[in-house]
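**Student:** below: sequence and its predicted model.
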Amino acid sequence: MKRVYLDHIAATPLHPEVLEAMRLCLGDVTGNPQSLHAEGRQALDSVEAAREEVAGLVGAQSSEIYFASSGTEANNFAVKGLALGQQARGRHVVISAIEHSSVLNSVKALERQGFTATLVPVDRFGRVDPADVEKALTKETVLVSVMTANSEVGTVQPVAAVAAVCRSRGVLVHTDAVAAAGSIPLDVKALGVDAMSLAGDQFYGPKGSAALFVRKGARILPLIDGGIQEGGRRGGTENVAGIVGMGRAARLAREEMEARIAALVPLRDRLLEELPGRVGHVIVTGSRTERLPHHASFCIEFVEGEAMLLSLDMKGVAVSSGSACTSKALKASHVLLAMGLDHATAQGSLVFSLIQGTSAEDVDYLLDVFPPAIERLRGMSPLYTQYLKERGS
Amino acid sequence: MYSDKVMDHFANPRNVGVLPEADGVGQVGNPVCGDMMTFYIKVKDDRLEDVKFQTFGCGAAIAVSSMVSEMAKGKTLSEAMAITNDLVAEELGGLPKNKMHCSNLGADALHEAIKNFQDKREGRAPRVGVPADAHEHEGGACPYCDSSLEEEDKTFCRACRVEFEECPSCGGITKKGDTKCLHCGKPMKG
């Protein structure tokens, strides 16, 4: 059966050049990057070349890039490492209400250690107001973490404005750029952030590859204690092939970004414009203007997200949902609730995230199979029956 | 994640629909939990002559409803009352652990429909406003995510970061600021 993969936010496929670079590395590179012999030096050269590429993707120095095993690890490292590194100055952190669970739960871990935290709200488009961040700052605040873009609703945050507010108060700023890095141009200096998390599997690199940028001079404590790898800030033998893959993916992202954006934005806009009309009672979630180029997200009323996801999967289309039932914890999305949506509507969350190579035909196919899938589920929904009854038809 | 049998009942659910002349109607769940089921029954000579359902919810919830309707059709009322949520899950070849609590409510909905029929038959006023949430959340659990609440602070869920207020009518907890009680639907403020 035809498969249409529209779940970029979960993972991207490997770029063929990334696969080739990794295959060569797995075959040829024997040494441990910390060994002094020729095999070790070869491995180290591979890692350092990749570090240059990843640094280049976000305008950083290569010495400011620390490799990690996942976006989650990078976020843990940043939030815990920076907060604990500054705790002599204060023990208060500020984050947005729609951060990824790896940031939210890192902050909870800090709270258990005596930190306090303030969650800054978002508007109905999922945007943080930098003025709200400023209001949340206290004399005790040592770290602010606001994501670059949210994977569930695609909204891109005003990170530069948030960072400007914090810089004037001497507060460090981290941004979780996992959903954005490689997809939109990012420059750590222009944004003015002290730390940024990125993950290779969000830009056609391998799963298990990620990195944290930490501005030179910002004090951060290690998350993983060990040897001298990553400047002593992240112990453990390097995932050389993963790092090499991420490096190649970073270079490709830089080279191809403009073309990728130009190809995906019209398809995204078509989905945002046409899909609601195909079935009615559809809300576009997130911002229309400040939005990731590959991201179209909706709440479909009267139906539940997981049931839609499974129905579309049966038709060959892979998507994500932020509904309670698709999360193992069975909680409604904190992102959608923070944006003011009620529980019933939030249950109908559906995210279509395009990948390089998604075609107009793929979008046509989706728009064809979507309405019957929704009609089937609405046909068995008591909420829809109730709505029709109340409307008097 | 789901068994073939669950996927079959999800893809081809049996007995979906509404019985306009139903002898009994039962509803459980609410959209907060993610699942809501309505069962309609037709009774003849103490037997379930027809069973139909409507479900808002995930794949498991739809498959559970379908399976319950199939198990119940043709049974006597007391046989149908003996169908349990666990039996339904067993018939489906098992359900993921995290779906057992919120999605496996089909038997409860069926039982509500039977009770509704019996109330009417025996001239009792059918309970006004079927309880919106018939499955009990254990004491000290968040009604939204079911995380257990901390002993010292039962008015706040750390997982959802939601603050609660007690309903003046039923005593259940609902998100602070909501106008209607999640459990009984009565206004939160006098």
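**Tutor:** Structure's in. What do you need? Numbers count the residues shown, from 1 in each chain, chains lettered A, B, ... in the order given.
**Student:** for chain B, where's the lowest mean pLDDT among helices and strands?
**Tutor:** strand B:156-157 (a mean of 70; mean pLDDT, DSSP states H and E).
**Student:** what residues are up against A:Val351?
**Tutor:** A:7, A:9, A:151-152, A:154, A:295-298, A:319-322 (C-beta atoms under 8 Å, 6 or more residues apart in numbering or on different chains). No exception for glycine: its C-beta is placed from N, CA and C like everyone else's.
**Student:** next: A:Ser46.
**Tutor:** So A:Ser46 contacts A:Cys25, A:Val29, A:Pro33, A:Val240, A:Ile243, A:Val244 (C-beta under 8 Å, 6+ apart).
**Student:** how about B:Val18?
**Tutor:** A:Thr385, B:Tyr40, B:Lys52, B:Gln54.
**Student:** isn't A:Leu252 right up against A:Leu14?
**Tutor:** No: using C-beta atoms under 8 Å as the test, A:Leu252 is too far from A:Leu14 to be in contact (10.8 Å).
**Student:** between the two, tell me which one has more neighbours.
**Tutor:** A:Leu252 (23 against 20; other C-beta atoms under 10 Å in any protein chain shown).
**Student:** that older thread, if we check chain B, which of the contacts of A:Val351 are in contact?
**Tutor:** Filtering the contacts of A:Val351 for proximity to chain B (criterion: C-beta under 8 Å from any C-beta of the partner chain) leaves nothing.
**Student:** now the spatially most central residue of chain B: which helix or strand?
**Tutor:** Closest to where the C-alpha atoms of chain B average out (C-alpha atoms, centre = their mean) is B:Val28, at 2.7 Å. Under the criterion of DSSP states H and E, B:Val28 resides in strand B:24-30.
**Student:** cool, and A:Leu336?
**Tutor:** Per DSSP H and E: helix A:334-338 holds A:Leu336.
**Student:** is chain B within reach of the following helix or strand past that helix?
**Tutor:** Following helix A:334-338 in sequence order, the next helix or strand is helix A:343-346 (DSSP H and E). Yes: counting by C-beta under 8 Å from any C-beta, chain B is contacted by helix A:343-346 at A:His343, A:Ala344.
**Student:** other SSEs contacting helix A:343-346?
**Tutor:** In terms of contacts (3 or more C-beta pairs under 8 Å, 6 or more residues apart in numbering or on different chains; DSSP states H and E), helix A:343-346 is packed against helix A:334-338.
**Student:** give the other helices and strands that the helix it packs on contacts.
**Tutor:** Counting by 3+ C-beta pairs under 8 Å, 6+ apart, helix A:334-338 packs on helix A:343-346.
**Student:** pLDDT of the helix it packs on, averaged?
**Tutor:** Helix A:343-346 carries an average pLDDT of 89.
**Student:** off-centre distance for it?
**Tutor:** 23 Å (C-alpha atoms, centre = their mean, to the nearest Å).
**Student:** what sits against A:Pro13?
**Tutor:** A:Tyr5, A:Tyr204, A:Ile355.
**Student:** now do it, the pLDDT please.
**Tutor:** Confidence score, pLDDT, at A:Pro13: 98.
**Student:** am I right that B:Asp50 is in a strand?
**Tutor:** Yes: applying DSSP: H, G, I helix; E, B strand; the rest coil, one finds B:Asp50 inside a strand.
**Student:** so A:Gln61 touches A:Lys216, yeah?
**Tutor:** Yes: counting by C-beta under 8 Å, A:Gln61 touches A:Lys216, with 6.6 Å between them.
**Student:** counting neighbours, go ahead and name the busier of these two.
**Tutor:** Using other C-beta under 10 Å, the more surrounded residue of A:Gln61 and A:Lys216 is A:Gln61, with 14 against 9.
**Student:** does A:Gly126 count as helix, strand or coil?
**Tutor:** coil.
**Student:** one step back: quick check, the residue nearest to the centre of chain B in contact with B:Ala109.
**Tutor:** Yes: between B:Val28 and B:Ala109 there is a contact under C-beta under 8 Å: 4.6 Å.
**Student:** what are the buried residues along stretch A:48-56?
**Tutor:** A:Ala50, A:Arg51, A:Glu53, A:Val54, A:Ala55, A:Gly56 (16 or more other C-beta atoms under 10 Å in any protein chain shown).
**Student:** I should have written stretch B:83-96 there, sorry.
**Tutor:** So for stretch B:83-96, counting by 16+ other C-beta under 10 Å, buried means B:Ile83, B:Asn85, B:Val88, B:Ala89, B:Glu91, B:Leu92, B:Leu95.
**Student:** from the residues you listed, which is closest to chain A?
**Tutor:** Nearest to chain A among the buried residues of stretch B:83-96 is B:Leu95, at 12.1 Å by C-beta to the nearest C-beta.
**Student:** got the phi/psi numbers for the residue nearest to that closest one when sequence neighbours are not counted?
**Tutor:** In space, B:Leu95 comes closest to B:Ala89 once its chain neighbours are excluded; the distance is 4.6 Å by C-beta to C-beta, 6 or more residues apart in numbering or on different chains. B:Ala89 has phi and psi values of phi -60, psi -40 when expressed as degrees, to the nearest 10.
**Student:** ok, now A:Val120?
**Tutor:** phi -90, psi 130.
**Student:** let me know the secondary structure of A:Val173.
**Tutor:** When the rule is three-state DSSP, A:Val173 gets the label strand.
**Student:** that one and chain B, how far apart?
**Tutor:** For A:Val173, the distance to chain B equals 22 Å [C-beta to the nearest C-beta, to the nearest Å].
**Student:** got a pLDDT number for that residue?
**Tutor:** A:Val173 is given a pLDDT of 98.
**Student:** so what's the residue count around it?
**Tutor:** 27.
**Student:** that one touches A:Gly192, doesn't it?
**Tutor:** Yes: using C-beta under 8 Å, A:Val173 is in contact with A:Gly192, at 7.2 Å.
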